[in-house]
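**Q** Here is a sequence with its predicted model. Questions after.
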Amino acid sequence: MILARMTCALFALIACGGRERGTDEASIAVLDSAFAPSWDATEDSGLVYRVEVTSPRGVDTIRDVIAPFPMLVSDTLVVGLIQVSEDSSAPHRKVFRLRPGARLERQPIPPDVWAFFHDFVFSPDGRYVAYVAEDPLPGDVGTFAIVRDLLSGEVVARGPSGGGCDCDVDANYARWIPPDSFEIVVSHAATNAGWQRVSGRSSSRRIHVDTLAREPEWE
């Protein structure tokens, strides 16, 4: 299943290559891709991309981009994920922010992002991110849904703990519904409790929790 989802992500990136996603004045295109050591401990390698951002301010190139595809928040801001390796440490993921014509800004992903989670989804305005988390502190609380403010690091929504799956596939999901609604689905397969869905709006900071008997058919 992981391979299938990575393949879908690859096809989505390639489909946007050539000339891509954008607005009337700015666009993002994939230039090429290569294999690199994977940030996912279950995989030997992963795909990194070189993308081009074209805007009235010129053309910028970003290397080592990983899925999901970078997001053009406006004609003046692009956000996404890159894979970096610092010193002799294992590869890491970082969030990047690019204002065309300016220097690329990078920041670490939140420390509680579940290591095997492939959906790290930016809100349409680029301010928030939705994902499945795992408490980095000692104690087995399982996985849970999180929505976090990217700049301040503040948690604006958190679902109940207790999720988890005794398997090597990613059965969790996250998505945004413009302008600021989110849905995060956390697998509770380890306890045969189906999938827990946490939904809400980042602006109101209120959540609704319910249970799904079947796995969502999201991309």
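**A** Looks like it came in fine.

**Q** Please, which helix or strand holds the spatially closest residue to Arg205 that is not a sequence neighbour?
**A** Among residues not flanking Arg205 along the chain, Val156 sits closest, at 5.1 Å (Cβ to Cβ, 6 or more residues apart in numbering). For glycine as for every other residue, the C-beta is placed from the backbone atoms N, C-alpha and C. For Val156, the element it lies in under DSSP states H and E is strand 155-158.

**Q** Quick check: the residue nearest to Arg205 vs Glu217, distance?
**A** With the distance defined as Cβ to Cβ, to the nearest Å, Val156 ends up 27 Å from Glu217.

**Q** Show me which of the two is the more surrounded one.
**A** Val156 (20 against 6; other Cβ atoms under 10 Å).

**Q** And the pLDDT for Thr42?
**A** Note on Thr42: pLDDT of 70.

**Q** What of Arg19?
**A** Reported pLDDT for Arg19: 46.

**Q** Could you do the one 3 residues further on as well?
**A** In the predicted model, Gly22 carries a pLDDT score of 65.

**Q** try Ser89
**A** In the predicted model, Ser89 carries a pLDDT score of 64.

**Q** which residues touch Gly196?
**A** Not quite, residue 196 is Gln, not Gly. By Cβ atoms under 8 Å, 6 or more residues apart in numbering, the residues touching Gln196 are 145, 159-160, 163, 185-186, 188, 209-212.

**Q** Quick check: what element follows the strand holding Val156 along the chain?
**A** Moving toward the C-terminus from strand 155-158, the next element (DSSP H and E) is strand 173-177.

**Q** mind checking the SS state of Asp60?
**A** Following DSSP: H, G, I helix; E, B strand; the rest coil, we place Asp60 in the strand state.

**Q** Count the neighbours of it for me.
**A** For Asp60, the neighbour count with other Cβ under 10 Å is 19.

**Q** Tell me how far it lies from Asn192.
**A** Distance, Asp60 to Asn192, using Cβ to Cβ: 48 Å.

**Q** Ok, Val209 next?
**A** Here Val209 is placed at a distance of 18 Å from Asn192 (Cβ to Cβ).

**Q** what do you get for Val132?
**A** Noted for Val132: a distance of 19 Å to Asn192, by Cβ to Cβ.

**Q** Could you check which of these two has the larger neighbour count?
**A** A count of neighbours by other Cβ under 10 Å puts Val132 above the other of Val132 and Asn192, at 28 against 6.

**Q** Mind checking the pLDDT average for stretch 68-85?
**A** 90.

**Q** Tell me the buried residues in it?
**A** Residues of stretch 68-85 classed as buried under the neighbour-count rule (16 or more other Cβ atoms under 10 Å) are 68-73, 75-83.

**Q** Fine by me, we can end here.
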